[in-house]
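In: task: produce atomic coordinates for the following.
(one chain, ligands or ions: 1)
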Amino acid sequence: MARTAKSVWENCLSFIEDNISPQAYKTWFEPIIAVKLADNSLSIQVPSKFFYEWLEEHYVKLLKVALTKELGEKAKLIYSIKMENTYGNKQPYTEKIPSSQRSNVSAQEVNVQLKNKSPELKNPFVFPGIRNVKIDSQLNPNYSFDNFLEGDSNRLARSAGMAVANKPGGTSFNPLLVFGGVGLGKTHLAHAIGVEIKDKYPEKTVLYISAEKFTQQFIESVKKNTRNDFIHFYQLIDVLIVDDIQLLSGKAGTQDVFFHIFNHLHQNGKQVILTSDKAPVDIQDIEQRLLSRFKWGLSAELQQPDYETRISIIKNKLYRDGVEMPEDIIEYLANNIKTNIRELEGAIISLIAHSSFNKKDITLSLAKKIVENYVKNTKREVSIDYIQKVVSDYFQMDIEVLQSKTRKRHIVQARQLAMYFSKKLTKASLASIGSQIGKRDHATVLHACKTVNNLSATDKQFKKYVEDLNKKLNS
Ligand SMILES: Nc1ncnc2c1ncn2[C@@H]1O[C@H](COP(=O)(O)OP(=O)(O)OP(=O)(O)O)[C@@H](O)[C@H]1O
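Out: Modelled structure (predicted):
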């Protein structure tokens, strides 16, 4: 019997159904319609671009296995997206996108000159001993310069990033340190520079790594006694991008090893790109010699985007998602989500999802509801620095006093309150809270939290402090 799109898809579905939860199957697979089968390519129609992205993100492997079983190794999946009811009464239209269209930045081969007999060079990403080390750049090709919109708030950082991408290691921006608040595009820009360099100079070895992962790898190398291999590995890199460098704060061993790697790369004309959520002067607990190196090149700030840039970012995101939205809603979003581009994008995604799942138009009242949720839910994301500022302002003392070693009762209480609220309102560990609030250890923070709970149950005045601060930190 001749195979049809429908019969092939039905076989795929019965395999998929056996491998995921009934709820997921119902939500994500039942609405799909198989539309065409040509050679090894099956076209399926999905209800929205959001739907397509969800499938690609969560079920691409399963789809691949199911399809390969049916159509063999060369099987291809093509999505046809039916844009319906996203806005207004427009005719539905379709858009075709191949599965996993995003090209990956391919692994890079590095020939290692082996000086001794042991051919082992440990790649902390892949473990087996290897002569020809393949280094996955860890870059995300979706973060490019093309979709990093320019505005006054990011012009300097973006242009410096471009200059570095054009001539890695060959400008005075080495290191290039990009800093700025949460969700303002540091990671995006860092990847964009790496992606651009790989495009222009495919032979260069580029590596993106978060400072957190770098630290974990280093700790692992100490445990396994492979510290030299670890250093050697990083010294092979032509362009090293380290994200969230402030996370090295308080980690003396990791800072030390990074210092050696940095010096080696810098001396050899290799490019280093760093990001941080603070300006270099404000990064605490980083050794002076390292801090001074961070300042060798250029520190460029990403500021909060102005209104025009927010509008362009929204429009660009909508354009890329193939969705239209009335101008007044775009303006409403831009006027109400100002400080964090990730939140702005999140609100747009929620709006699209709501309207496409509920088959309703995107209206201003829906936008208001979503923005309200966003603003409410994200208000609690405060930093430990901010908490210390609010608490010290409340007690009219300087942050340095709050952090000092003094045992004066009112200062101790202020410090304990700062610790208590840091535990309550942030995801930071006790140890990290302690190190940021006057270099105390985790036991001190634990004790502070208990004391605040006890005192608020027994001391009226103290209870009032807690209530006042709660209001200030949540407003
Ligand atoms: N100029 C821009 N144009 C378009 N999109 C942007 C721009 N800046 C940021 N974004 C988007 O905003 C989101 C948040 O950016 P990113 O993750 O790079 O922020 P971050 O500063 O690294 O945040 P965090 O401090 O939480 O690590 C991303 O989806 C990114 O693509």
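In: next, count neighbours for the spatially closest residue to Trp296 that is not a sequence neighbour.
Out: Once flanking residues are discounted, Trp296 sits nearest to Pro175: 6.6 Å by C-beta to C-beta, 6 or more residues apart in numbering. Heads up, the C-betas are built off the backbone N, CA and C, glycines and all. For Pro175, the neighbour count with other C-beta atoms under 10 Å is 24.
In: and what of the one 10 residues further on?
Out: Residues contacting Gly185 under the criterion other C-beta under 10 Å number 23.
In: against Val195, how distant is it?
Out: Distance, Gly185 to Val195, by C-beta to C-beta, to the nearest Å: 14 Å.
In: spell out which parts of the stretch 1-150 of the chain neighbour the ligand.
Out: Asn147, Phe148, Leu149 (C-beta under 6 Å from any ligand atom).
In: oh, that last question was meant for the stretch 251-400 of the chain, not what I typed.
Out: Residues of the stretch 251-400 of the chain lying close to the ligand by C-beta under 6 Å from any ligand atom are Asp277, Ile313, Ile341, Arg342, Glu345.
In: at 8 Å what do you get?
Out: Contact residues (C-beta under 8 Å from any ligand atom) of the stretch 251-400 of the chain with the ligand: 275, 277, 302, 305, 309, 312-313, 316-317, 340-342, 344-345.
In: which of those sits closest to Ser365?
Out: Leu344 (19.0 Å; C-beta to C-beta).
In: nearest residue to the closest one other than its sequence neighbours?
Out: Ile337 (4.6 Å).
In: these two touch, right, the one you found and Glu343?
Out: Yes: contact between Ile337 and Glu343 holds when scored by C-beta atoms under 8 Å: they sit 5.1 Å apart.
In: between those two, which contacts overlap?
Out: Tyr374 (C-beta atoms under 8 Å, 6 or more residues apart in numbering).
In: how near is the residue nearest to Trp296 to Ile261?
Out: 12 Å.
In: let me see the contact set for the closest residue to the ligand within the stretch 151-300 of the chain.
Out: Nearest to the ligand in the stretch 151-300 of the chain, going by C-beta to the nearest ligand atom, is Gly185, at a distance of 2.7 Å. Counting by C-beta under 8 Å, 6+ apart, Gly185 touches Phe148, Asn154, Leu302, Ile341.
In: okay, and which of those residues map to helices?
Out: Among these, the members falling in helices are Ile341 (criterion: DSSP state H).
In: what are the boundaries of the strands in the protein?
Out: 33-38, 41-46, 76-83, 93-98, 108-111, 132-135, 176-180, 206-210, 239-243, 271-276, 298-302 (DSSP state E).
In: what strands line up against the third one, and which way round?
Out: Each strand paired with strand 76-83, and its direction, by DSSP bridges: strand 41-46 (parallel), strand 93-98 (antiparallel).
In: what about Tyr319, how many neighbours?
Out: Tyr319 has 11 nearby residues by other C-beta under 10 Å.
In: where in the stretch 51-200 of the chain is pLDDT low?
Out: 82-134 (pLDDT under 70).
In: report the distance from stretch 429-448 to the chain centre.
Out: Mean C-alpha position of stretch 429-448 versus that of the full chain (C-alpha atoms, centre = their mean, to the nearest Å) differs by 26 Å.
In: just stretch 58-66 next, same as before
Out: Taking C-alpha atoms, centre = their mean, one finds stretch 58-66 lying 24 Å from the centre of the chain it belongs to.
In: in it, what's buried?
Out: Tyr59, Leu62, Leu63, Ala66 (16 or more other C-beta atoms under 10 Å).
In: re the thing from before, buried ones among the residues of the stretch 1-150 of the chain next to the ligand?
Out: Phe148, Leu149.
In: and which of the residues of the stretch 1-150 of the chain next to the ligand is nearest the ligand?
Out: Nearest to the ligand among these is Leu149, at 3.7 Å by C-beta to the nearest ligand atom.
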